[in-house]
Structure formats: C-alpha cells, structure tokens
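> Quick one, fold the following:
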Amino acid sequence: MLYGNMRRMLYLMVLLIAAVEIYADLNTKTNSTQQAIEGANTTLVCTFTPEDGIDITWSYIDESDVGLHNGKLLISRNEVLYKRYDLVDQASLLISNVRQSDAGTYKCSIYSSADYQLYSSSVTLNVLWIEKPHIELPSNTISEGEVATLVCSTSADPTATYKWLREGYAIQSNHPRYVQSSTTGVLTVYHAGYEDFTSFSCIASNSAGSKTSEEVILNVHYIPRFSIRKQGNSIRCIPYGNPAIDQVDYYINGTKQPDLEQVTIDGQFCNTVTCSAENDAGKGNRTELYCPTVKTAPEKPKDLGNQTLVGVLTSILIFLSLSVVMVIVYLALRPGPDFEQKEGRYDDLFDGPSPV
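Purely as a prediction, here's the structure:
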C-alpha cells in the first residue's frame, strides 16, 4: 500500500516536471517596444522552443474595437492572411511598407500540440513619420520696409524641427534681416524689400527623415526700378516693380518725350535722361547723364624712312672719321726714306768702332 502511494507520487512529480519544462520552453520572447519608420519594412521578433508541433498566430490588438477580444488576426496557425505581412525566421512578423495606422500592440501566440496550451507575448510598435510641410504666407500685403512673417508647419511623430531656404539655398542663422526658429518654424523678414520678392521654402526633419515644402513667393510691393540699355544714341529703360508697371515716361533735359519704348539723344551734346513710372506701391525714377565721347586724333606714326637714312649717314661719317684717324696714325709711325742716313750721323758720337 505504501509502495503504491509512493509510486503514484513519483509519477505525478515526473508529470509536473515535464509540464514545467514544456511551459518554460514555450515562454515566447518579444521586444517590449520597437520603432519603425513609415514607408520602410520592419520585423517584430518572436522566438520559442521547441520547434516541432507548434502553431504560430500573430494578431493586432485594436483597443478601440471592443468586439475583437483577441485582436485582428494577421497570421493564423502559420497561415498569412494579408499581403503586407509575412512569417519570417522562427516566428517573427515582417510588416512591409509600414503605415501610421500600424502603430499599436501586437501579440505573438504559440500553440503547443504537446500540452494543448497557448503561450503569448506582446510587443508595442511605435511608427515614426513625417508629412510634407506647408508654408503659411502673410495674409496682408507687404510693402517695402515692413515686417513679413512666414510659418512652416507639418504633422510628425516625433516633433519636427525646421530650417528655411531662399531661392533653394539655406538661410544662414546669422542673417541680418532673416530670423528663423527651428522649433516653431517661423521665419521673420525685417525691412522687406524688392530683393525679398522671391521664392522661399522650408525643410522639416525628425528621426523619420526630412521633407521639403513647395516653394512660395513672398509678395512684397515695391516702387518701380529701372535698368538702362544704351546702343549708340538710343536709350531704353527696362522697368521692374511689384505690382506690374504699365508705362514708362521719358524725359530728356527735363522735357517729357512722346510715349515711346526708347528715346534718341543728340550725340553732340550732354543730355540728362530720366525714366519714370508708377504702380500701386508708388512712383520711381532714374536719371542718367550722357555726354559725347571726345575722340583723340591718333598719333601720327614717325617717318621710319627718314630715321633709317639718318642712321645710315651717321654710320658712314663715323666710318670715315675712324679711317682718317687710322691713316694719320699710320703715317706718323711709318719710318721716312732717309732713316738710314740719319741713323749714320749718330755714329760719330760714339768712341770706338761702329757696331757691325
């Protein structure tokens, strides 16, 4: 009797140990939280042992839908139910082209055919994303000298930071007239002028990446300005301003000229030419003084023929002078014909026989 009780107790202990071992082996493991970038692929890792006789189920826990107690099934007993999901590695869930709506809690469930038990582990997926930013322009018209405020904003997780571009180039942080905030996305333009009547854009960035807004034009009203083209005696004023300019008036020496696209000045005298135009921002003009160019007569080239002749004659005179000098020197040093007779006269001055 005692032996039978001990045998039964030993048998129960063996079953309990086996059950504990099965439960420990099938205790699924997942990361508690995981991050993924919108548009990319991500894998939610789930592992277990042993590998035989196992059914794997993945579900998405939608806390807003109380009717789905076990969540929305994505993979049921090793069978993939939706195209964007797949079962990889041992029991991991691959999510392709991650969306913002994929954020939430996922449950990996392992069913053991050995003990007919279901073991689960959950992982929370955080999706990082950022949308294309847009720019809000001032609602009122900006005139020269006023302050303009532009706002760049976007939706993003985590919160985005901002930087501004002018004509496609980054605005420096120490710009004297442009003050920008990287956190609020506000760009303030002080003393707006005609050079600010141009394109602006902004870049929003976070750990999900960076996106650039469309370019916008800051509508700054400014009085007309002119560039002048002169060809010969014809002068043409080319206006630019905002709003647009309908007509340019010309004045020569203070006298208004007929409505023409260009004027012609008298090239023999100095003339002042004034271009004048007006738009809703005001009136602008530009005056230039044009005087005839004094042409200096070209220097007459020297007569090279006379120079050559003078040089030749000078060379001849020098040659003749040297020749005369050489002849005189030669004659002075040459012995005369009575040299021997004169030489004999000196014999009497010496005692003794004359030298042989």
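> residues near the residue lying closest to C270 once chain neighbours are set aside, how many?
Ranked by C-beta to C-beta, 6 or more residues apart in numbering and with sequence neighbours excluded, the top spatial neighbour of C270 is C291, at 4.0 Å. Just so you know, the C-beta spots here come from the backbone N, C-alpha and C atoms, and that holds for glycine as well. For C291, the neighbour count with other C-beta atoms under 10 Å is 11.
> And the pLDDT for C291?
pLDDT recorded at C291 is 89.
> just the one 5 residues further on next, same as before
The predicted local distance difference test score for T296 is 60.
> hang on, the earlier thing: residue contacts, the residue nearest to C270?
Applying C-beta atoms under 8 Å, 6 or more residues apart in numbering to C291 gives the contacts 269-271.
> Try it again at 10 Å.
Applying C-beta atoms under 10 Å, 6 or more residues apart in numbering to C291 gives the contacts 265, 267-271.
> Repeat that for I130.
37-38, 154-160, 204-211.
> just Y85 next, same as before
Taking C-beta under 10 Å, 6+ apart, one finds 44, 58, 60, 74-75, 93-96, 102 in contact with Y85.
> next one: P158
Counting by C-beta under 10 Å, 6+ apart, P158 has contacts 126, 128-130, 206-208.
> so how far is the helix or strand hosting W129 from its chain's centroid?
Taking DSSP states H and E as the criterion, W129 maps to strand 117-130. Strand 117-130 sits 40 Å away from the centroid of its parent chain (C-alpha atoms, centre = their mean, to the nearest Å).
> And the helix or strand just after it, what's buried?
Sequence order places strand 134-136 as the next helix or strand after strand 117-130, per DSSP H and E. Residues of strand 134-136 classed as buried by neighbour count (16 or more other C-beta atoms under 10 Å): I135.
> who's in contact with strand 134-136?
Residues from elsewhere that reach strand 134-136 (C-beta under 10 Å, 6+ apart): 149-154, 164, 185-187, 200-202, 204, 213-216, 218.
> Which residues does the next helix or strand after it contact?
Per DSSP H and E, the first helix or strand lying C-terminal to strand 134-136 is strand 142-143. Strand 142-143 has contacts (C-beta under 10 Å, 6+ apart) with 148-149, 189, 192-193, 196-197, 218-223, 242, 280-282.
> Now the buried members of these.
148, 189, 192, 196-197, 218-223, 242, 281.
> What pairs with the strand or helix carrying K230, parallel or antiparallel?
Assigned by DSSP H and E, K230 falls within strand 220-231. Using DSSP bridges, the strands paired with strand 220-231 in its sheet are strand 142-143 (parallel), strand 234-242 (antiparallel).
> Dump the ones you listed to JSON lines, plus mean pLDDT and distance to V327.
JSON lines is the format used below for those (pLDDT from 0 to 100; distance: least, C-beta to C-beta, whole Å):
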{"stretch": "strand 142-143", "mean pLDDT": "94", "distance to V327": "101"}
{"stretch": "strand 234-242", "mean pLDDT": "93", "distance to V327": "78"}
